[in-house]
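Trainee: Need a 3D model of the sequence below.
(4 chains)
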2 protein chains.
Amino acid sequence: MKIYAGGVDGNRSLERGIEILRAFRPGIDTLGNSEIAERTGLARSTVSRLTRTLVNTGMLDEAPDTKGYRLAASVIGLGHAMRSGSPVLNTIGPLMRAESFKRKLNVGLATADRTMMVYLESVRYSPRATLRNIVAGQQIPMELTSLGRAYLAGLGKPERTALITQFKRRTAAATRALLDEVSASIATVERQGYCSVSWQRGVLAVAAPLVVDGLPVYALNMSLQDVEPSDALAAELGAYLLAFASKCKAALSM
Amino acid sequence: MKIYAGGVDGNRSLERGIEILRAFRPGIDTLGNSEIAERTGLARSTVSRLTRTLVNTGMLDEAPDTKGYRLAASVIGLGHAMRSGSPVLNTIGPLMRAESFKRKLNVGLATADRTMMVYLESVRYSPRATLRNIVAGQQIPMELTSLGRAYLAGLGKPERTALITQFKRRTAAATRALLDEVSASIATVERQGYCSVSWQRGVLAVAAPLVVDGLPVYALNMSLQDVEPSDALAAELGAYLLAFASKCKAALSM
DNA sequence: TCCGGCAGTTCCACTTAGTGGAATTTAGGG
DNA sequence: CCCTAAATTCCACTAAGTGGAACTGCCGGA
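Mentor: Model prediction:
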């Protein structure tokens, strides 16, 4: 009874290489081999070989005095390829920009990467209309935000519970109360189509799932800064969001 | 005389996995396994296993009816991490935005990915000042643009010739004349610090290398749309660019 | 409904390519 | 100039990955 490596689960070296890339979280400048080895739990020699490969393939740059590595420019090239290939972003992006302009608020589209939500696009409205900022790739925690909770609500039961298990494992602290909040938000989405969380002072955000079959689940959000969060305001935003979400769904199914 | 695999050149599976990711060029929506196999020259079974791994690690999503894969959201997460970790972009980015605003022109910062230039940031100035667009990750060919040629000029001889060899291999057509143009541009950069190419009608662009030691070579560019390219205009832009480049260098060496 | 034709996956004998611990080299820092 | 820490290389070992072939499932015609 022999077990064959090929064809069962993934390719180990590739998995590890990707894990190394992922060790570069936002804000991190350079990582040395031993630091990577520590974070990933790989043998130092293995890391040395894999980072070399990643440099050769152009995914990492060797930093100054070879004391470390940083992500290379080709990863943003990939990011651009992803965005420009995404049919969802391509159809919804323009709608988001128009909506942001019309309603004078921030509009975001995101989906999950493990337990983080990552923005495909986030259109930031600024009262000083001279600059409109569009950000992509920013990551925010799933459990804490309306965006993430709306995403969870859009997911099937099994995936959802898998993620919730991960939250438990990840954050030992703040567990019980937080998980209850999460379930409450999910229930709210199921009832009224959106949920609202104000996790930063003066910021009100509402979010709704965007489920199109055959595609990953997405979530849309709208938010306002420098306001006094209130139920009335949340309801108003929620109404806008629901209208916008259904417009998006319509545009996608054409 | 045995040759040991570990430790010599890179890890084969990882190399191949990355090559698969790279097969998703901008604008491509989905790729199926056999299409990938074709593009990369790998065995179909190998591709099947590697794509599975890439899905497990979150780099690819399975498209609708499993007829293909697309880049997953986590690649833009990586892109964001790269940008937010880049010390060069962090110090120069704000300067670029200010400069674009002040001079009313486009300002870009890029570096190479193989034979393409990829923008870390491209600040697009629009006369309708209500929108200023910032794009990252866009790729443009190195040989055809002032940006790419300035980059080449900033490179060491060996790297430069290696790239030029690649151009020859890549584009069979338009070789001789084009290569001469490239050398001419490089010479221009060496003489006056920048070069200028107008490869699209009505667009004038000037570019200069940005070399900071211990870091990859970058290139800065400035461009104007909807103008009649002329030597006088190019000289004016060039002067702005040189001033800006030296301001950047100063900011970086602090 | 049945039959190609095709894309994807699985099987499996083969062996190379990758692994990790130990030894070695390189680089600072005091 | 030595001493510590990090990175790299060495190498015996074999699990892990490979590719061709067989298999499965699907769609489009007729």
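Trainee: so A:Thr46 makes contact with A:Arg16?
Mentor: Yes. With contacts defined as Cβ atoms under 8 Å, A:Thr46 counts as touching A:Arg16 at a distance of 7.1 Å. For the C-beta atoms, the positions are set from N, CA and C on the backbone; glycine is no exception.
Trainee: Toward the C-terminus, what is the element adjacent to the helix or strand of chain A with the lowest mean pLDDT?
Mentor: None of the helices or strands of chain A scores lower by mean pLDDT, DSSP states H and E than strand A:133-135, at a mean of 80. Next in sequence after strand A:133-135, counting helices and strands by DSSP states H and E, comes strand A:139-141.
Trainee: List the strands paired with that next one, with their directions.
Mentor: Looking at strand A:139-141 with DSSP bridges, its paired strands and their directions are strand A:116-124 (antiparallel).
Trainee: Name the surrounding residues that touch the partner strand.
Mentor: For strand A:116-124, the surrounding residues in contact (Cβ atoms under 8 Å, 6 or more residues apart in numbering or on different chains) are A:83, A:86, A:88-89, A:93, A:96-97, A:100, A:106-112, A:132-142, A:145, A:147-148, A:151, A:218-219, B:73-74, B:76-77, B:80.
Trainee: Could I have the PyMOL command that selects the buried members from those residues?
Mentor: One line in PyMOL is enough to select the buried members of these, burial here meaning 16 or more other Cβ atoms under 10 Å in any protein chain shown:
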select buried, (chain A and resi 83+86+88+89+93+96+97+100+106+107+108+109+110+111+112+132+134+136+137+138+139+140+142+145+147+148+151+218+219) or (chain B and resi 73+74+76+77+80)
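Trainee: so of the contacts of strand A:116-124, which ones are in strands?
Mentor: Judged by DSSP state E, the subset of the contacts of strand A:116-124 located in strands is A:106-112, A:133-135, A:139-141, A:218-219.
Trainee: how about low-confidence regions in the stretch 1-150 of chain A?
Mentor: In the prediction, the stretch 1-150 of chain A carries residues with pLDDT under 70 at positions A:1-9, A:128-132.
Trainee: which bits of it sit near DNA strand D?
Mentor: Within the stretch 1-150 of chain A, the residues that sit near DNA strand D (Cβ under 7 Å from any atom of the strand) are A:4-7, A:11-14, A:32-35, A:37, A:44-45, A:48-49, A:51-52, A:66-68.
Trainee: Counting neighbours, what do you get for A:Ser230?
Mentor: Counted with other Cβ atoms under 10 Å in any protein chain shown, the burial measure for A:Ser230 works out to 11 neighbours.
Trainee: All the strands of the stretch 151-254 of chain A, in order from the start?
Mentor: With DSSP state E, counting those that start in this stretch, the ranges of strands along the stretch 151-254 of chain A come out as A:195-197, A:204-210, A:218-224.
Trainee: beta partners for A:Arg70?
Mentor: Following DSSP bridges, A:Arg70 is listed with bridge partners A:Asp61.
Trainee: ok, now how distant is the nearest residue to A:Pro87 once chain neighbours are set aside from A:His80?
Mentor: With sequence-adjacent residues excluded and distances taken as Cβ to Cβ, 6 or more residues apart in numbering or on different chains, A:Pro87 is closest to B:Asp29, at 6.1 Å. B:Asp29 sits 14 Å away from A:His80, taking Cβ to Cβ, to the nearest Å as the criterion.
Trainee: Now the stretch 101-250 of chain A against DNA strand C: closest residue?
Mentor: Nearest residue of the stretch 101-250 of chain A to DNA strand C (Cβ to the nearest atom of the strand) works out as A:Gly214 at 14.8 Å.
Trainee: quick one, phi psi at A:Glu35?
Mentor: Here is the backbone geometry of A:Glu35 (degrees, to the nearest 10): phi -70, psi -40.
Trainee: Could you check how far it is from DNA strand C?
Mentor: In this structure, A:Glu35 lies at 16 Å from DNA strand C, with Cβ to the nearest atom of the strand, to the nearest Å as the measure.
Trainee: Can you name the residues that contact that residue?
Mentor: Contact partners of A:Glu35, counting by Cβ under 8 Å, 6+ apart, are A:Gly68.
Trainee: how about the helices of chain A, start to end?
Mentor: If DSSP state H is used as the criterion, the helices of chain A fall at A:12-22, A:33-40, A:44-56, A:74-85, A:87-103, A:146-154, A:157-170, A:175-192, A:231-252.
Trainee: And the ones you listed: which comes nearest B:Gly238?
Mentor: Proximity of those to B:Gly238 was assessed by Cβ to Cβ; the nearest stretch is helix A:74-85, lying at 27.3 Å.
Trainee: Wait, A:Arg25 touches B:Leu78, no?
Mentor: No. With contact taken as Cβ under 8 Å, A:Arg25 and B:Leu78 are classed as non-touching, separated by 9.7 Å.
Trainee: Ends of stretch A:62-82, what's the gap?
Mentor: Start to finish, the residues bounding stretch A:62-82 are 25 Å apart (Cα to Cα, to the nearest Å).
Trainee: domain assignment for chain A?
Mentor: With domains defined by automatic domain parsing, chain A comprises A:12-72, A:77-252.
Trainee: before we move on, back to that, among A:Arg25 and B:Leu78, which residue is more densely surrounded?
Mentor: A count of neighbours by other Cβ under 10 Å puts B:Leu78 above the other of A:Arg25 and B:Leu78, at 26 against 16.
Trainee: For B:Ser185, see how far away the closest residue to that one other than its chain neighbours is.
Mentor: For B:Leu78, the nearest residue in space outside its immediate sequence neighbours is A:Val75; the separation is 4.8 Å by Cβ to Cβ, 6+ apart. A:Val75 sits 28 Å away from B:Ser185, taking Cβ to Cβ as the criterion.
Trainee: Which of the two has more residues huddled nearby?
Mentor: Neighbour tally, A:Val75 and B:Ser185, criterion other Cβ under 10 Å: the higher count belongs to A:Val75, 28 against 23.
Trainee: Wait, that one touches B:Arg83, no?
Mentor: No. Under the contact definition of Cβ under 8 Å, A:Val75 does not touch B:Arg83, with a separation of 9.2 Å.
Trainee: can you pull the contacts of A:Arg16?
Mentor: For A:Arg16, the set of contacting residues under the criterion of Cβ under 8 Å, 6+ apart consists of A:Thr40, A:Leu42, A:Thr46, A:Leu50, B:Leu14.
Trainee: and if you look at A:Leu155?
Mentor: The neighbours of A:Leu155, taking Cβ under 8 Å, 6+ apart as the test, are A:Leu163, A:Pro209, A:Val217.
Trainee: Then A:Leu95?
Mentor: Counting by Cβ under 8 Å, 6+ apart, A:Leu95 has contacts A:Phe244, A:Lys247, A:Cys248, A:Ala251.
Trainee: repeat for A:Gly108
Mentor: A:Met96, A:Tyr119, A:Glu121, A:Ser122, A:Val123, A:Leu147, A:Leu220, A:Asn221, A:Met222, A:Ser223.
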